[in-house]
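Engineer: Fold the following and give me the result.
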Amino acid sequence: QVQLVESGGGLVQAGGSLRLSCAASGRTFSRDSMGWFRQAPGKEREFVAAIAWTGGSTNADSVKGRFTISRDNAKNTVYLQMNSLKPEDTAVYYCAADRSIQRIAILKEANYWGQGTQVTVSS
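Structural biologist: Model prediction:
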């Protein structure tokens, strides 16, 4: 059974940092693209960042220069380093996996999804 499990969320003050992790299990994801999305209360799910199996990545404009996505294929894990956090970054953050980075970043779809981890940024 394929599972994506996020961790690392929490409460942080504005300007602070958090690192989210997403551990994949059930099969190897070394040839998959991985991504992060977020959803704030009352808002639609928003694309945050994605990384291809080759290591190439893309970020949403709203997080460029602040968030960095990375992956460790040996650990079947993808990370999201979030710096200079703002209150508007408050959301549930979801990990996703798919064969196509375009499907994740452009269509905002994916074959596999995690359950989400809450990130709250206080002002």
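Engineer: Could you use CA atoms for every contact and neighbour count after this?
Structural biologist: OK.
Engineer: Provide the backbone phi and psi angles at Ile104.
Structural biologist: When quoted as degrees, to the nearest 10, the phi and psi of Ile104 stand at phi -70, psi -50.
Engineer: nearest residue to it other than its sequence neighbours?
Structural biologist: Distances taken as CA to CA, 6 or more residues apart in numbering put Ala110 closest to Ile104, at 5.7 Å, once the chain neighbours are dropped.
Engineer: The one you found: which element?
Structural biologist: If you go by DSSP states H and E, Ala110 is not part of any helix or strand.
Engineer: Surely it touches Ala97?
Structural biologist: Yes: with contact defined as CA atoms under 8 Å, Ala110 counts as touching Ala97 (5.8 Å).
Engineer: Three-state assignment for Pro41, please.
Structural biologist: Following DSSP: H, G, I helix; E, B strand; the rest coil, Pro41 is assigned to coil.
Engineer: what's the burial count for it?
Structural biologist: Neighbour count of Pro41, defined by other CA atoms under 10 Å: 9.
Engineer: picking that back up, for the residue nearest to Ile104, what are its contacts?
Structural biologist: Residues near Ala110 by CA atoms under 8 Å, 6 or more residues apart in numbering: 96-98, 103-104.
Engineer: out of everything not next to it in sequence, what's closest to the one residue sitting closest to the centre of the chain?
Structural biologist: Nearest to the mean C-alpha position of the chain, by CA atoms, centre = their mean, lies Trp36 at 2.3 Å. Nearest residue to Trp36, sequence neighbours excluded (CA to CA, 6+ apart): Cys95, at 4.7 Å.
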